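Visitor: build the 3D model from these lines:
(chains A and B)
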Number of protein chains: 2
Amino acid sequence: MSLLGCRVNQPTVLAFDVFGTVVDWHGGIAHEVDQLNCGLDGAQFARAWRDGYQPAMEPVRQGGQWVTLDVLHRQILDRVLSEWGRDDIDNATREHLTRAWHRLPPWPDSVDGIHRLATRFTLCPLSNGNLSLLTNMAKAMGLHWDCVLSAEVFKAYKPDPRTYLGVAEVFDVPPASVMMVACHPEDLSAAAGYGLPCAYIDRPLEFGVDVEPSRAELPMGTLEVPSITALADALGC
Amino acid sequence: MSLLGCRVNQPTVLAFDVFGTVVDWHGGIAHEVDQLNCGLDGAQFARAWRDGYQPAMEPVRQGGQWVTLDVLHRQILDRVLSEWGRDDIDNATREHLTRAWHRLPPWPDSVDGIHRLATRFTLCPLSNGNLSLLTNMAKAMGLHWDCVLSAEVFKAYKPDPRTYLGVAEVFDVPPASVMMVACHPEDLSAAAGYGLPCAYIDRPLEFGVDVEPSRAELPMGTLEVPSITALADALGC
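Guide: Numbering: from 1, shown residues only, chains lettered A, B, ... in the order given. All right, here's what the predicted structure looks like:
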């Protein structure tokens, strides 16, 4: 009996987390920061910037006004630069760096894996990244999503149920027909709590070579694979 | 001096109307109705169904609760069948017919033209069709949008300004950077009223061979072309 047959409902839609799961945010940001040649350590700076990510979304999660991730990325950047004593970095550089999140490189398996999966399933991102960020990023890497979904469509950040259940509603299918694909156990646990089957992509280098990702428990029945091409194999694509 | 140079701002985003502009709704619906072999005239039935389209969206436009076009299509279908004395048509057939709007065929120039334009611009639909309809339709014809935008994202039907201006907001550009592409002068007039440059695609067969489309005046400066491939030529793609 196949792994698929015994553990996972056959989905019709695959919803992908993006930062870390599809693209290497750490490598991309570290590289762009290093390229500035302004004395910032790219690898450390990338992690410091990303550390501000979850807290920055909290006001929206707690019922505050909707703000896109582009705006939050810039706010976090300004704060981190200030904390690092780098108020001298000019506005054009800050704008350029904020847009670096639109240019993140894919993991080597991402584009091929997603295009293979798209031959059998409907594929979309379900990311906290805004629509233009996800669109520009996909275009830059030659990646074709069937539809771009984002926290921006639902005006709610993951793990708000409106995001996971919103995908099911958009495609007019039960939550059990939407598989959440992510490298973050917390994202999958939230999705599983609302009835979505899950696939975990192991991304040991998400935070660079020096920092190992924390590994919380995965929801029961999660399909565990080392890459998106391995997910395509597992799902018969 | 080129047509483009003298009349149209150079856009960065092209937003496409879909029904009639990209796909042949009349031919697609007429064909599927004829295939039922149940005594309905496909060409006439398609027009009767589409006649209900604008009025069906009015309650939402006047501030009522959001309802997707899939739901409205089914409501119109039920009414038209009743008016045609065909209450005998069963639910499965009605569901099948309603989904025919997800399977509409492209005009011969659409897929090639859109893919050519996507080499230089960011392309999305801006249609009153819901996200799953637009996604399924594109997937069926092998069409890659960069991003799927829809009235459903803005919870407002064209010509509500939230749709036209919403595209500019999503892509963080001024309205002058979003070109609206449509075969309906009314759609273009609304878009132009909010500052979007316009391209008109002439679709003389939108309503079939027997009925000529009404031709209202186009907004000043509209780029007029006979096909989407001609638009790609005009915009240097």
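
Visitor: what's near enough to touch residue A:232?
Guide: Neighbour list for residue A:232: A:113, A:116, A:117 [criterion: CB atoms under 8 Å, 6 or more residues apart in numbering or on different chains]. Yep, even glycine has a C-beta here, placed from its N, CA and C like the rest.

Visitor: low-confidence ranges, chain A, go.
Guide: Counting by pLDDT under 70, chain A contains low-confidence ranges at A:1-9.

Visitor: quickly list the domain ranges of it.
Guide: A:3-24+A:104-234, A:25-102 (automatic domain parsing).

Visitor: buried deepest among the ones you listed, which one?
Guide: domain A:3-24+A:104-234 (a mean of 20; mean count of other CB atoms under 10 Å in any protein chain shown).

Visitor: roughly how far is it from the heart of the chain?
Guide: Relative to its chain's centre, domain A:3-24+A:104-234 lies at 7 Å (CA atoms, centre = their mean, to the nearest Å).

Visitor: mind listing the strands for chain A?
Guide: Using DSSP state E, the strands found in chain A span residues A:13-16, A:122-127, A:149-150, A:178-182, A:198-201, A:223-225.

Visitor: can you redo these as a markdown table with distance to chain B?
Guide: Below are the strands of chain A laid out as a markdown table (distance: least, CB to the nearest CB, whole Å):
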| stretch | distance to chain B |
| --- | --- |
| strand A:13-16 | 9 |
| strand A:122-127 | 6 |
| strand A:149-150 | 8 |
| strand A:178-182 | 12 |
| strand A:198-201 | 20 |
| strand A:223-225 | 23 |
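
Visitor: ramachandran coordinates for the residue nearest to residue A:68 when sequence neighbours are not counted?
Guide: Closest residue in space to residue A:68, ignoring its immediate chain neighbours: residue A:130 at 4.1 Å, by CB to CB, 6 or more residues apart in numbering or on different chains. Backbone torsions for residue A:130, taken as degrees, to the nearest 10, come to phi -80, psi 170.

Visitor: quick check: residues of chain A near chain B?
Guide: Counting by CB under 8 Å from any CB of the partner chain, the residues of chain A close to chain B are A:70, A:122, A:124, A:130-132, A:134-136, A:138-139, A:144, A:146-149, A:152-153, A:170-172.

Visitor: same thing but 6 Å
Guide: Contact residues, chain A versus chain B (CB under 6 Å from any CB of the partner chain): A:131, A:132, A:135, A:139, A:144, A:146, A:147, A:148, A:153, A:170, A:171, A:172.

Visitor: quick check: closest non-adjacent residue to the last one.
Guide: So that's residue A:172. residue B:132 (5.8 Å).

Visitor: contacting residues around that neighbour?
Guide: A:170, A:171, A:172 (CB atoms under 6 Å, 6 or more residues apart in numbering or on different chains).

Visitor: ok, now residue A:161?
Guide: Residue A:161 makes contacts with residue A:194, as judged by CB under 6 Å, 6+ apart.

Visitor: distance of it from residue A:216?
Guide: 19 Å (CB to CB, to the nearest Å).

Visitor: what of residue A:235?
Guide: For residue A:235 relative to residue A:216 (CB to CB), the value is 24 Å.

Visitor: what do you get for residue A:32?
Guide: The gap separating residue A:32 from residue A:216 is 29 Å, by CB to CB.
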